[in-house]
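Colleague: Build the 3D model from these lines:
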Amino acid sequence: MFKQIKVRHVPEEIFEQIKAAIETGQIKPGEKLPTEKEFVNALGVSRVPIREALKLLANAGYIETVQGDGSYVRSVLADQLQDPLKRIVKDNVEKMFELLEVRKEIEAWTAYYAALEATDADLANLHNLAEKIEKRFKKTGKVPSNLDIDFHLRIAQSSSNTIRAHLFHTIIHSTFSDYFNLTIDTISRNREFLQLICDQHLQIYDAISCHSPEGARDAVSQHLTFVAEALRKQMRSDSAWIVC
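Modeller: You can find the predicted model right below:
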């Protein structure tokens with residue numbers, strides 16, 4: 001009737017600790033895990049069980065490993081939402097604008113809670129990203145889409161809600177990244193638009209750093225309304241524009 005109790009293996013214990021950190025939001029979607037060396041120092045174990053634990057986490061869908069770079073936390077909702085959403089918006093530009101509208105609704109309220117919950121470290125990261133975007137724009141005349149995505153993801157990560165952070169990461173990073181690039185590439189033909197985007201990022205940061213939830217919500221809503229309108233305007237003026 002009873003089975004012999006076995007002592008849990010070290011890799012399983014490491015797996016459970018990292019899994020718990022992901023599920024409770026201590027390590028957020030899109031964040032890079034510590035290196036093997038850092039895990040060795042923190043956990044007091046050798047590299048072998050750490051590697052086994054990372055394989056378990058990857059097989060369970062919690063992380064993905066980038067060769068030569070490290071392991072990153074995946075959105076736990078990615079497999080359920082990413083592929084269906086991509087199929088819906090792939091061949092219909094109007095669906096992209098519908099997705100933009102949903103994104104605006106989610107991100108506006110995410111910014112609302114970020115203004116209430118953001119820590120000093122969160123604010124420092126947001127400010128750093130906004131400044132990087134501004135500097136790159138002044139230097140190159142472009143807004144790097146990866147920095148733009150990171151700025152918006154950081155807002156979600158500052159809202160102290162694990163499910164919201166995972167949902168937002170799936171929609172913005174996993175599903176919307178192709179269309180983020182498309183938006184920036186299209187709008188980048190108009191330097192005035194890009195300057196306004198940089199200014200709007202700073203306005204969003206200011207509202208969050210001042211812990212003004214209504215101000216943050218409104219700043220994000222106005223920013224994403226502008227992005228959608230600017231994208232439509234640029235598309236109308238470019239007869240050769242084709243959805244990829």
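Colleague: ok, the residue nearest in space to the middle of the chain to N146 distance?
Modeller: For the chain, the residue nearest the mean C-alpha position is L153 (3.3 Å; C-alpha atoms, centre = their mean). Distance of L153 to N146, computed by C-beta to C-beta, to the nearest Å: 10 Å. (C-beta placed from N, C-alpha, C; glycine too.)
Colleague: picking that back up, for the residue nearest to the centre of the chain, pull up the helix or strand it's in.
Modeller: helix 145-157 (DSSP states H and E).
Colleague: Per-residue pLDDT of the closest residue to the residue nearest to the centre of the chain other than its chain neighbours, please?
Modeller: Sequence neighbours aside, G30 is the residue nearest to L153 in space, at 5.7 Å (criterion: C-beta to C-beta, 6 or more residues apart in numbering). In this model, G30 is scored at 78, pLDDT.
Colleague: quick one, strands of the protein?
Modeller: 63-66, 70-73 (DSSP state E).
Colleague: List the buried residues for the last one?
Modeller: Yep, that's strand 70-73 we're talking about. 71, 73 (16 or more other C-beta atoms under 10 Å).
Colleague: how far is that strand from where the chain is centred?
Modeller: In this view, strand 70-73 has its centroid 14 Å away from the chain centroid, taken as C-alpha atoms, centre = their mean, to the nearest Å.
Colleague: ok, now the first one?
Modeller: What separates the centre of strand 63-66 from the centre of its chain is 15 Å, taken as C-alpha atoms, centre = their mean.
Colleague: Likewise for stretch 134-150?
Modeller: Distance, centroid of stretch 134-150 to centroid of chain: 16 Å (C-alpha atoms, centre = their mean).
Colleague: Show me which residues of that stretch are buried.
Modeller: Quick answer for stretch 134-150 (16+ other C-beta under 10 Å): 134, 137, 143, 145, 147-150.
Colleague: Give me the domain ranges for the chain.
Modeller: 10-73, 78-237 (automatic domain parsing).
Colleague: Contact partners for K233?
Modeller: If you count contacts by C-beta atoms under 8 Å, 6 or more residues apart in numbering, K233 has none.
Colleague: how close does it sit to V227?
Modeller: From K233 to V227 the distance is 11 Å (C-beta to C-beta).
Colleague: before we move on, what about R217?
Modeller: 16 Å.
Colleague: And K19, by the same measure?
Modeller: Applying C-beta to C-beta to K19 and V227 gives a distance of 36 Å.
Colleague: same deal with S159?
Modeller: Taking C-beta to C-beta, one finds S159 at 20 Å from V227.
Colleague: Kindly report the same for V102.
Modeller: Distance from V102 to V227, by C-beta to C-beta: 14 Å.
Colleague: gap between L56 and S212?
Modeller: Distance, L56 to S212, by C-beta to C-beta: 43 Å.
Colleague: Which one of the buried residues of stretch 134-150 is nearest to R47?
Modeller: D150 (29.6 Å; C-beta to C-beta).
Colleague: right, and the closest one touches L129 too?
Modeller: Yes: in this structure D150 lies within contact range of L129 using C-beta atoms under 8 Å: 5.6 Å.
Colleague: any idea of the pLDDT on the residue nearest to the centre of the chain?
Modeller: 85.
Colleague: And it, how far from Q67?
Modeller: In terms of C-beta to C-beta, L153 sits 23 Å off from Q67.
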